[in-house]
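**Q** A predicted structure for the sequence below; I have some questions about it.
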Amino acid sequence: MTISELKEKALFKIINDGGNDDTAITKPFACDLLSFAMSRASSGCVWFTVMGNVNTIAVSVLADCACIVLCEGAELDETALEKAKQQGVTVFATEHPIIDAAIMLLESVK
């Protein structure tokens, strides 16, 4: 699945379109501890988190995540949104808990 295909499924609301539609999604990754995510998120993952700050965007770029899904109604702050735009990071949002959102992604590829 690619970012474009994920957008088409409309599972999550688009907060920032990073313009990386052809990026392949490898697997889900769920974590709210930034230092842990920085060392364990794999390239191409969909990162499910509730952390909506500029550091989340930075870690996403460093880890080469395909995109971020903010869960449980979490929002990007203004600084994070601006950084996501600058860095071309696609960010989605959902009201669902992290585990439910990750399951939704996995079930959508079956």
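**A** Received the coordinates, thanks.
**Q** C-alpha from now on. contacts and neighbour counts both.
**A** Fine.
**Q** would you map the helices across this structure?
**A** 3-9, 34-40, 54-63, 78-87, 98-108 (DSSP state H).
**Q** out of those helices, which is closest to residue 23?
**A** Between residue 23 and the helices of the chain, the tightest spacing by CA to CA is seen for helix 3-9, at 5.8 Å.
**Q** state the mean pLDDT of that closest one.
**A** What helix 3-9 shows for mean pLDDT is 97.
**Q** buried residues in that helix?
**A** Using 16 or more other CA atoms under 10 Å as the test for burial, helix 3-9 gives 3, 6.
**Q** with stretch 65-83 instead?
**A** Buried residues in stretch 65-83 (16+ other CA under 10 Å): 65-72, 74-76, 80-81, 83.
**Q** so where's the chain shaky on pLDDT?
**A** The chain contains no residues with pLDDT under 70.
**Q** centre-most residue in it?
**A** The centroid of the chain falls nearest to residue 68 when counting by CA atoms, centre = their mean (0.9 Å).
**Q** so that one makes contact with residue 90?
**A** Yes: at 6.5 Å, residue 68 counts as touching residue 90 under the criterion of CA atoms under 8 Å.
**Q** picking that back up, what's near enough to touch the residue nearest to the centre of the chain?
**A** 46-49, 60, 89-92 (CA atoms under 8 Å, 6 or more residues apart in numbering).
**Q** if you set the cut-off to 10 Å instead, what comes out?
**A** 15-16, 28-30, 45-52, 56-57, 60, 89-93 (CA atoms under 10 Å, 6 or more residues apart in numbering).
**Q** so residue 39 makes contact with residue 65?
**A** No: counting by CA atoms under 10 Å, residue 65 is not a contact partner of residue 39; they are 11.9 Å apart.
**Q** quick check: neighbours shared by these two?
**A** Common neighbours of residue 39 and residue 65 (CA under 10 Å, 6+ apart) are residue 59.
**Q** please point out which parts of stretch 48-65 sit buried.
**A** Applying 16+ other CA under 10 Å to stretch 48-65 flags 48-54, 56-61, 63-65 as buried.
**Q** ok, back up a step: what would the buried residues of stretch 65-83 look like in TSV with distance to residue 35?
**A** Formatted as TSV, the buried residues of stretch 65-83 follow (distance: CA to CA, whole Å):
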residue	distance to residue 35
65	14
66	18
67	18
68	16
69	18
70	17
71	19
72	21
74	19
75	20
76	19
80	17
81	20
83	19
